[in-house]
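**Q** Attaching a predicted model along with its sequence, questions to come.
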2 protein chains.
Amino acid sequence: MKYDTIRWKNDKVEMIDQRLLPAKTTYVSCRTDKDIYSAIKTMIIRGAPAIGVAGAYGVYLGVRRSRAKDWKGLKKDVDKTVKYLAGSRPTARNLFWALERMQGIVNDNKGRKVTELKKILLDEAHRVLAEDKKICRVIGDNGASLIPKGANVLTHCNAGALATGGYGTALGVIFSARRKIKRVYADETRPRLQGARLTAWELAAEGIPVTLICDNMAASLMAKKEIDAIIVGADRIASNGDTANKIGTYNLAVAAHYHKIPFYVAAPASTFDLSTSNGKKIPIEERSGLEVKKIGAEYIAPKNISVINPAFDVTPAKLITAIITEKGIIRKPNRKKVLGAIGGD
Amino acid sequence: MKYDTIRWKNDKVEMIDQRLLPAKTTYVSCRTDKDIYSAIKTMIIRGAPAIGVAGAYGVYLGVRRSRAKDWKGLKKDVDKTVKYLAGSRPTARNLFWALERMQGIVNDNKGRKVTELKKILLDEAHRVLAEDKKICRVIGDNGASLIPKGANVLTHCNAGALATGGYGTALGVIFSARRKIKRVYADETRPRLQGARLTAWELAAEGIPVTLICDNMAASLMAKKEIDAIIVGADRIASNGDTANKIGTYNLAVAAHYHKIPFYVAAPASTFDLSTSNGKKIPIEERSGLEVKKIGAEYIAPKNISVINPAFDVTPAKLITAIITEKGIIRKPNRKKVLGAIGGD
C-alpha cells in the first residue's frame, strides 16, 4: 500500500482524510483526544478496525499532558478520556475493544510512575496498530482458501487497507487470493459512497480488475451467475454470529441466500462483542439525513423531505456462510462456534 | 397535479424537463421528431407510458411538414419516422406500442388525403395522451383494493404522474389508496435518482407522507416489518409475466419474497409485449458509465474505473404477487393469465 490509513509521526497521529479520496490525498494531524473524537465522528477515518486504532491513540493523546501525580490520578484521566472517546460513534465494537485495552494496560501496571504509564500507553497504541496490520494478513490468508479459482467476487462498502491499520479484512482476503480472482464488483455503497470512493480506488491501485456498480444492481448480477462469492467486513459481531455492517449488507445477504451464493464476513476477533447475545441488541447509529439528500454541495431531493439514514444493518448468522477471523474460519456460525473460536481470548 | 408531464400547446409538444426537477420547473419545447428523439434519449422525459405519448406526438411532428402527395407517400414517411424514433430507447414497450398504433391509424385510413391524414395523426397522439391519463386512474382504483388500511408502502424509481400522461401507475395506486396509506418509502433509485428527485417530490406535493431511503436500506426496513406492500411500475412485461423495470426492482422483489411481503407491478396493457415469451428476451438498455461515476459535475469514483450501468433488470413472474392493469388484476401472473387478461386487446 502506498498510503497510510493512520500513522504516528512527529509526536502526533496522522490520518489520510478519507472524505476527500479519491480526488485528494491529504493527511490530517491529530494532537489531542478532541482531534481524534472529531476525526472518528466526521469520518475522516472510518472502518471498525481503523477506528479502534484511532481510539487507542486517542487515549494516549488525551492523557499525555495530564498533570496527574500518581497511578490513581492517571487512571482517572484515562477513564475520563475513554468515556469521552466512546461517544464518538456507537456501533463499531473495535473502538470499545481498543478503549478497554488501553484501560486494561493501566490496570496491569498499577503503581507505576505517571511518566512510565504515558510511555506504556503510547507503546500499547503502537502495538494495537502493528497487530491490526498483522491480523489482517492472517485473515486474508485464511480467507483466501475459500475463494475458488477464476472467481468474481462482490464486496460492499470498504473493508480494505483504509478501514484497518493496513491491508484490510474483506479486501485482505481479496489481496491474498488475488491470483484466483477474475474480477471484483464493488458496490458504490450509498449514502457515503465508500465503495466508489475508497474500494474502487484501493483495488485499482493494486492492479486488481474492479467494476463499480450501484448497490441495486447486485441482485441482477447474481441472477446472471456473475458473482461467485460475496465478502464484506463487519462493525460488530454478536456472540451468536449476527453481524452489524454497513447499511446494505443485509440486503446483499438476502440476495446471496436466494441465489445460493456463499456470503462471507471477514473480521478480527476485536470486532466480536461476546457480551451482546444477538444482533437485535447491537446499537445502530442513525446519521444526518443530509448525507442522503445532498451529494457534495448539490441537493438531490426536495430539501425538506423526510429521510432515514441508519449507518448499519444487521445480518443474522443464518445468512452467513462463514466468518473469517485471524483465529480461523467459523463456518455456519452460531453461539457455540463463536465462543469456541473467539471466547478463549 | 399542478404540472404537465407532456402537453400540446401552440402547435408544439411541451415537456417538463425531468432532469432538472425538483430544483427547477422548466418546460422544453419539441417541434420536430428530432426534438422528441433527443428528449427521450437524454431523459428529459422518461417513464414507459410517458415515452409512449412522446413517441406518438413524435410521429406526427416527423411528418407534419411532409411533402408526400398521397397516402402511400405519407405512409412511407410515417414508417421512416417510426423507425427513427424506435432507436431512441430500447426497453420500454410503450414506445413501440405507440409507434405501431400511429402506423396502424395510417393503415386504417388508406386512400385518405395527406392533409386529412396529418390531422388524423395529431388527433391520435392527443388520444394516446388522454387515454393514458384515464387508464392510470383505472389502474389506481383497481390497485387500491390491494392496499391494507394503515399500510406503509415502498416504491422504486418513479411511476408517477411524471412517468405517464398524468396520475401515474404505481403512484396512481398510492394516490387512489391515499386514505389507507400511512407512509410511502421512496427508494432514491441510483444512478439517476428518480426516486429522490421525482417520486419524493410528487408525493410531498400531494401531501402524502413520504420518507426517502437509499436503495440498500429497503431490505432492512422489511426485516423490521416496516413495509406492508411494494409497488412498482414496469417498462416491458413479457407474455409469461416476467417484468422489466428500473434497475433495482429485481433486488426488491427478491427481498420481498424472503420477507413474505406482497410485490405488485402496476402497468397499462400497452406495457405488455405478448410477442416476447419471457424476460430473458427483453432488450436491456446499457447507459453511460458516467451516470454512475458522476453526480452533477462531481466525480464520486476514480475517473478511469470500469462501470456497468444497465438501466433495467428483469423480475421473474414467480416473484410478482400481482400485476395491476386497467383490465383488472392479474394475480400470480403466468402466460395463461396474461394472455387471458391482455391478449384479447
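**A** All right, it came through fine. Numbering: from 1, shown residues only, chains lettered A, B, ... in the order given.

**Q** Could you pull out the helices in the stretch 101-250 of chain A for me?
**A** Remark: helices assigned in the stretch 101-250 of chain A by DSSP state H, counting those that start in this stretch are A:114-144, A:170-176, A:194, A:200-205, A:218-223, A:249-259.

**Q** Export these to a markdown table and append columns for mean pLDDT, mean neighbour count and distance to residue A:287.
**A** (Each C-beta comes from the backbone N, C-alpha and C, glycine too.) Shown next, in a markdown table, are those (pLDDT from 0 to 100; neighbours: other Cβ atoms under 10 Å in any protein chain shown; distance: least, Cβ to Cβ, whole Å):
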| stretch | mean pLDDT | mean neighbour count | distance to residue A:287 |
| --- | --- | --- | --- |
| helix A:114-144 | 98 | 19 | 25 |
| helix A:170-176 | 98 | 29 | 22 |
| helix A:194 | 98 | 27 | 13 |
| helix A:200-205 | 96 | 24 | 22 |
| helix A:218-223 | 98 | 24 | 22 |
| helix A:249-259 | 98 | 25 | 16 |
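
**Q** which one of these lies closest to residue B:307?
**A** Counting by Cβ to Cβ, residue B:307 lies closest to helix A:200-205 out of the helices of the stretch 101-250 of chain A; the figure is 9.0 Å.

**Q** Can you name every helix or strand that the closest one contacts?
**A** Here helix A:200-205 touches helix A:170-176, strand A:181-187, strand A:210-213, going by 3 or more Cβ pairs under 8 Å, 6 or more residues apart in numbering or on different chains; DSSP states H and E.

**Q** before we move on, the earlier item: I'd like the helices of the stretch 101-250 of chain A as JSON lines, with distance to residue B:160 appended.
**A** Formatted as JSON lines, the helices of the stretch 101-250 of chain A follow (distance: least, Cβ to Cβ, whole Å):
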{"stretch": "helix A:114-144", "distance to residue B:160": "45"}
{"stretch": "helix A:170-176", "distance to residue B:160": "38"}
{"stretch": "helix A:194", "distance to residue B:160": "31"}
{"stretch": "helix A:200-205", "distance to residue B:160": "33"}
{"stretch": "helix A:218-223", "distance to residue B:160": "23"}
{"stretch": "helix A:249-259", "distance to residue B:160": "24"}
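
**Q** Out of the helices and strands packed on helix A:200-205, which gets nearest to chain B?
**A** Minimum separation from chain B across the helices and strands packed on helix A:200-205 (Cβ to the nearest Cβ) falls at strand A:210-213, 4.5 Å.

**Q** Distance check, the most far-flung residue of chain A relative to its centre against residue A:82.
**A** In chain A, residue A:69 marks the outermost C-alpha relative to the chain mean, sitting 36.4 Å out by Cα atoms, centre = their mean. Using Cβ to Cβ, to the nearest Å, residue A:69 is found at 20 Å from residue A:82.

**Q** for residue A:227, same thing?
**A** Residue A:227 is 41 Å from residue A:82, by Cβ to Cβ.

**Q** for residue A:206, same thing?
**A** In terms of Cβ to Cβ, residue A:206 sits 36 Å off from residue A:82.

**Q** any idea what sits nearest residue A:343, other than its immediate chain neighbours?
**A** Counting by Cβ to Cβ, 6 or more residues apart in numbering or on different chains, the nearest residue to residue A:343 once its immediate chain neighbours are dropped is residue A:274, at 6.2 Å.

**Q** surely the one you found meets residue A:340?
**A** No. Residue A:274 lies out of contact with residue A:340 (Cβ atoms under 8 Å); the separation is 11.5 Å.

**Q** The two: who's more crowded?
**A** For residue A:274 and residue A:340, the more surrounded residue by other Cβ atoms under 10 Å in any protein chain shown is residue A:274, and the numbers stand at 17 against 13.

**Q** Point out the residues in the stretch 1-150 of chain A that sit beside chain B.
**A** Contact residues (Cβ under 8 Å from any Cβ of the partner chain) of the stretch 1-150 of chain A with chain B: A:22-23.

**Q** Let's see that with 10 Å instead.
**A** A:21-23 (Cβ under 10 Å from any Cβ of the partner chain).

**Q** Now do the domain split for chain A, please.
**A** By the assignment in automatic domain parsing, chain A contains the domains A:6-137, A:143-342.

**Q** Would you mind saying which of those lies nearest residue B:177?
**A** domain A:143-342 (19.6 Å).

**Q** Between the two ends of the closest one, how far is it?
**A** 17 Å (Cα to Cα, to the nearest Å).

**Q** Please state the offset of it from the chain centre?
**A** 10 Å (Cα atoms, centre = their mean, to the nearest Å).

**Q** partner strands of the helix or strand of chain A with the lowest mean pLDDT, parallel or antiparallel?
**A** Every helix and strand of chain A was ranked by mean pLDDT, DSSP states H and E. The lowest is strand A:298-299, at a mean of 88. Strand A:298-299 has the following sheet partners, assigned by DSSP bridges: strand A:294-295 (antiparallel).

**Q** contacts for the partner strand?
**A** A:190-193, A:288, A:300-301, A:303, B:193, B:196, B:295-296, B:298, B:300 (Cβ atoms under 10 Å, 6 or more residues apart in numbering or on different chains).

**Q** Most neighbours among the residues you listed, please name it.
**A** residue B:196 (28 neighbours).

**Q** My read is that that one contacts residue B:212, right?
**A** Yes. Here residue B:196 reaches residue B:212: they are 5.7 Å apart, a contact under Cβ atoms under 10 Å.

**Q** so what's in contact with the two at the same time?
**A** Contacts common to residue B:196 and residue B:212, judged by Cβ under 10 Å, 6+ apart, are A:292-293, A:300-302, A:305, A:307, B:186-188.

**Q** Could you dump these into CSV with distance to residue B:55 and pLDDT added?
**A** Formatted as CSV, those follow (distance: Cβ to Cβ, whole Å; pLDDT from 0 to 100):
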residue, distance to residue B:55, pLDDT
A:292, 34, 97
A:293, 34, 96
A:300, 29, 93
A:301, 29, 96
A:302, 30, 95
A:305, 32, 96
A:307, 35, 98
B:186, 27, 98
B:187, 27, 98
B:188, 28, 98
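
**Q** right, is stretch A:244-251 up against chain B?
**A** Yes. Part of stretch A:244-251 sits near chain B under the criterion Cβ under 10 Å from any Cβ, namely A:246-251.

**Q** and that stretch, how far apart are its ends?
**A** Using Cα to Cα, one end of stretch A:244-251 lies 12 Å from the other.

**Q** now stretch A:8-22
**A** Note: stretch A:8-22 ends 22 Å apart using Cα to Cα.

**Q** Ok, stretch A:155-170 next?
**A** End-to-end distance (Cα to Cα), stretch A:155-170: 8 Å.
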